[in-house]
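Trainee: 3D, please:
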Amino acid sequence: MKPAAGAVVLAGRILFSVFFARSASGHIRRRGQMVGYAGSAGFPLPYLAGWPSGAWLGFASMSVALGIWPDLGALMLGAFVIPAALYFHRYWKVEDPGQRQMQAGNFYRNIALLGASLALFGLLSAAGHGLRFSITAPLFRL
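Mentor: Residues are numbered from 1 along each chain as shown. Just a heads-up that it's a prediction; the model follows:
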């Protein structure tokens, strides 16, 4: 990978990670609210919505941004948004039109983030040892 391409990928990794790092902070600082909301949404293990998910998001976002097995971090972020979409943004069950529209937007945002996570995983794992501006090489090889 040429240095200019590596710099573009690094900028993308950092910008992508900012969203999840911010979310990690919220899950840790407002853990009680997160656990309560997860319980009311029918999430099977609501406790995980507090600090454990914040730690998961924090580790994964730092992994991607810093380049410490960044492909694994991208997969971890993708794995997070699947239950987030399916449990917390069930717009098809919401009656109020305004709330339904908001939840649909959140649902499809998570779908887009899943797609971006998978694309980033593919890019990073395919780059292998050629990945620039990374502390470690990707963990997986595609």
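Trainee: Please name the residues that touch the residue nearest to residue 123 when sequence neighbours are not counted.
Mentor: Closest residue in space to residue 123, ignoring its immediate chain neighbours: residue 9 at 7.1 Å, by Cβ to Cβ, 6 or more residues apart in numbering. The C-beta positions use only the backbone N, C-alpha and C, and glycine is treated the same way. Counting by Cβ atoms under 8 Å, 6 or more residues apart in numbering, residue 9 makes contact with 1, 123-124, 127, 131-133.
Trainee: can you tell me which two in those are farthest apart?
Mentor: 123 and 133 (13.6 Å; Cβ to Cβ).
Trainee: Among those two, which residue is more densely surrounded?
Mentor: residue 123 (19 against 15; other Cβ atoms under 10 Å).
Trainee: Sticking with the more buried one, tell me its helix or strand.
Mentor: Per DSSP states H and E, residue 123 falls inside helix 97-127.
Trainee: Show me which positions of that helix end up buried.
Mentor: 103, 107, 110, 113-114, 116-117, 120-121, 123-125, 127 (16 or more other Cβ atoms under 10 Å).
Trainee: so for it, what's the average pLDDT?
Mentor: Average pLDDT, helix 97-127: 97.
Trainee: how about the residue nearest to residue 123, secondary structure?
Mentor: Classification of residue 9 by DSSP: H, G, I helix; E, B strand; the rest coil places it in helix.
Trainee: Pull up the gap between it and residue 31, please.
Mentor: Plainly put, residue 9 is 33 Å away from residue 31 if you go by Cβ to Cβ, to the nearest Å.
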